[in-house]
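In: fold the following, please.
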Amino acid sequence: MTGLGPTGAALCRSGVNKLAFTGSTATGKRVMAACAETLTPVVIEAGGKDAAIVAADADVRAAARDVAFGAWGNAGQTCIGMERAYVEAPVFDSFVEELSRIAGAVTVGGDDSDRMGPLTMPSQPDIVLRHIRAAIADGGSAVVGGEESVAPPFVKPVILLDVPEDSAAVREETFGPTLTVTRVQSLDEAVEKTNAGIYGLGSAVYSGNPATAESVARRVRAGMTSINSVMSFALVPALPFGGTGDSGFGRIHGSDGLREFARPHSMARQRFPLPVPLLSFQRKTWHVNVLAKAVKLLHGKKR
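Out: Numbers count the residues shown, from 1 in each chain. As a prediction, this is how the structure comes out:
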């Protein structure tokens, strides 16, 4: 179901067995509060600030190609889109160069030939502009685009370099076609910076070494990670989809997603009578003592 606040509020109180929400973190919290009135369980798929980690041994051209689409596809209005990139120093310059080349070829407008369309929410260009200004005011620089890229309802691709981690441009979800690219000295630093934010939805890791890529991916605090690709986890129906932290909780898709919308129902059948009446008011103290000794014999630690 789609709709504005009153529609969502009515659904929260409608008596459904479970509710799945996709949207911003702030709205997700309001949905939870409304559903709490009737103890209606929820699945929350909220915002994100997804990061790509690019190792020194990665295929830089492929990584830049993918991250560019992850950042600017659908004009950046994708919950699992790339908004940050942490790139090891040896390939930082070549990654930015290739990314900038791709950005220069992306046309923005309302024609069928344009590669990127408008932002869908009237308030979103203001958020994008605020983040661009914050990035530059906090010490970052725009290597592609800048404030002039924002011409509502359209925003051209923006690449922001070395923006401080405490900047709103890094910490808050932009949901627009901006990408911060930060030079790191090691993959450890990249993982640390990736995990420092409040969100944990999607992520991507690029490395020419499969073992390295998987090791880094396992350390990323996120619900989903693609290796040497972007957003590919969303294309596999068997994989659970969802996040952690301020990105929400619960899963859709796959067996985990099916279990979200079912409820456990435990059943126990007595196959033979108990030798002592433990589950009755007829039990005696010695019955309990016998049970305690039996449990200790079967499960107690041997010294």
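In: what about stretch 83-94, how long is it end to end?
Out: Criterion C-alpha to C-alpha, to the nearest Å; first-to-last residue distance in stretch 83-94 is 19 Å.
In: list of residues touching it?
Out: With contact meaning C-beta atoms under 8 Å, 6 or more residues apart in numbering, stretch 83-94 is reached by 48-56, 58, 60, 67, 71, 76, 95-96, 170, 173-174, 178-187, 189-190, 193-194. Where you see a C-beta, it was placed from the backbone N, CA and C, and this is true even at glycine.
In: just stretch 134-143 next, same as before
Out: Outside stretch 134-143, the residues that touch it by C-beta under 8 Å, 6+ apart are 96, 100, 132, 146, 158-164, 166-170, 180.
In: and with 7 Å instead?
Out: Outside stretch 134-143, the residues that touch it by C-beta atoms under 7 Å, 6 or more residues apart in numbering are 96, 100, 132, 158-164, 167-169, 180.
In: and the buried ones among the contacts of stretch 83-94, selectable in PyMOL?
Out: A single PyMOL command suffices to select whichever of the contacts of stretch 83-94 are buried according to 16 or more other C-beta atoms under 10 Å:
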select buried, resi 48+49+50+51+52+53+54+55+58+60+67+71+76+95+96+170+173+174+178+179+180+181+182+183+184+187+189+190+193+194
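In: which of the contacts of stretch 83-94 fall within strands?
Out: 50-54, 178-184 (DSSP state E).
In: any chance of these in a markdown table, with pLDDT and distance to R263 too?
Out: Formatted as a markdown table, these follow (pLDDT from 0 to 100; distance: C-beta to C-beta, whole Å):
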| residue | pLDDT | distance to R263 |
| --- | --- | --- |
| D50 | 98 | 32 |
| A51 | 98 | 35 |
| A52 | 98 | 38 |
| I53 | 98 | 38 |
| V54 | 98 | 43 |
| T178 | 98 | 42 |
| L179 | 98 | 42 |
| T180 | 98 | 42 |
| V181 | 98 | 45 |
| T182 | 98 | 44 |
| R183 | 98 | 49 |
| V184 | 98 | 45 |
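In: now those as CSV including distance to A262?
Out: Shown next, in CSV, are these (distance: C-beta to C-beta, whole Å):
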residue, distance to A262
D50, 29
A51, 33
A52, 35
I53, 35
V54, 40
T178, 40
L179, 39
T180, 40
V181, 43
T182, 42
R183, 47
V184, 43
